[in-house]
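A.B. asks: build the 3D model from these lines:
(2 chains)
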Amino acid sequence: QSAVTQPASVSGSPGQSINISCTGSSSDIGLYNFVSWYQQHPGKAPKLLIYDVTKRPSGVSDRFSGSKSGNTASLTISGLQPEDEADYYCSAYTNVGFFGGGTKLTVL
Amino acid sequence: QVQLVESGGGLVKPGGSLRLSCAASGFTFSDYYMSWIRQAPGKGLEWIAYISTSANVIHYSDSVKGRFTVSRDNARTSLYLQMNSLRDEDTAVYYCARVFRIPSAGWFDPWGQGTLVFVSS
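C.D. replies: Numbering: from 1, shown residues only, chains lettered A, B, ... in the order given. All right, here's what the predicted structure looks like:
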């Protein structure tokens, strides 16, 4: 099973905002601010988008933001663009691994 | 620039062995934990191993424990994954990734381009 739980898919129209949730437990996401998010386009390697729940590496668009409430972290993408269509993975250290099952974002 | 380049993937029969390499450049390799992460065709990411800077801390996922061995050569700035007793379910793209801080409190960045391992008779 996956370490943390994500929805299998989300969708949105260009210009809209979407949220992708990542649910863990009080022992991982709820306890520490060590959640990271990755974007993966088909046939490409994953790319870091967010680390430490809310921090964005240099070069990552400010349309991507992260947050956390209780045992659930979230990735928000604002001003959706066609190139945002990709798979998104959250990561948090748990006793069964690091990654969620991934969420496929479709830009309608 | 920071770069990770995996090699060594290919077709192998069930029960066979393969050794993957990851050549690192553009950063002080010996300062970072490193990790292997794989992705089966059409599936999500699965962390499988990490190794500390001096190789004194090594952890594996249950799915590969006892069959895979991770190692590193800081002088050669290279990471390795020795894979033995390969199974059909080990078929995947294997990525190496640099770990920031320590794995339990860090993140993976960057990732290599991946190397495909295909286990089939």
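
A.B. asks: what sits against the residue lying closest to residue B:70 once chain neighbours are set aside?
C.D. replies: When the adjacent residues along the chain are set aside, residue B:70 lies closest to residue B:49, with 4.3 Å between them (C-beta to C-beta, 6 or more residues apart in numbering or on different chains). Placement of C-beta: from N, CA and C, glycine included. The contact partners of residue B:49, by C-beta atoms under 8 Å, 6 or more residues apart in numbering or on different chains, come to B:35, B:36, B:58, B:59, B:60, B:61, B:64, B:68, B:70, B:81.

A.B. asks: which SSE is the second one in?
C.D. replies: Using DSSP states H and E, residue B:36 sits in strand B:33-39.

A.B. asks: coming back round to it: so the residue nearest to residue B:70 is in which element?
C.D. replies: With DSSP H and E as criterion, residue B:49 is part of strand B:45-51.

A.B. asks: with just CA atoms, put that strand into CSV.
C.D. replies: Output of strand B:45-51 as CSV, limited to C-alpha atoms (Å, rounded to 0.1, in the frame of the first residue of the first chain):
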residue,chain,number,x,y,z
LEU,B,45,6.8,5.9,-7.4
GLU,B,46,8.2,3.3,-5.0
TRP,B,47,11.2,4.2,-2.8
ILE,B,48,13.5,1.1,-2.4
ALA,B,49,16.7,2.1,-0.7
TYR,B,50,18.8,4.9,0.7
ILE,B,51,22.4,5.2,1.9
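
A.B. asks: quick one: list the elements packing against the helix or strand containing residue B:21.
C.D. replies: Counting by DSSP H and E, the element that carries residue B:21 is strand B:18-25. Helices and strands touching strand B:18-25, by 3 or more C-beta pairs under 8 Å, 6 or more residues apart in numbering or on different chains; DSSP states H and E, are strand B:3-7, strand B:33-39, strand B:78-83, strand B:92-100, strand B:115-119.

A.B. asks: quick one: strands adjacent to whichever helix or strand comes after the fourth one?
C.D. replies: So that's strand B:92-100. Per DSSP H and E, the first helix or strand lying C-terminal to strand B:92-100 is strand B:107-111. Sheet pairing of strand B:107-111 (DSSP bridges) gives strand B:92-100 (antiparallel).

A.B. asks: just want the most central residue of chain B.
C.D. replies: residue B:36 (2.7 Å; C-alpha atoms, centre = their mean).

A.B. asks: near chain B, which residues of chain A?
C.D. replies: Contacts of chain A with chain B, taken as C-beta under 8 Å from any C-beta of the partner chain, map to A:2, A:32, A:34, A:36, A:38, A:40, A:45-48, A:51-52, A:57, A:87, A:89, A:91, A:93, A:97-102.

A.B. asks: so residue B:34 bridges to which residues?
C.D. replies: Residue B:34 has the following beta-bridge partners by DSSP bridges: residue B:51, residue B:98.

A.B. asks: with residue B:98 as the reference, measure out to it.
C.D. replies: Per C-beta to C-beta, to the nearest Å, residue B:34 is found 6 Å from residue B:98.

A.B. asks: many thanks, I have nothing further to ask.
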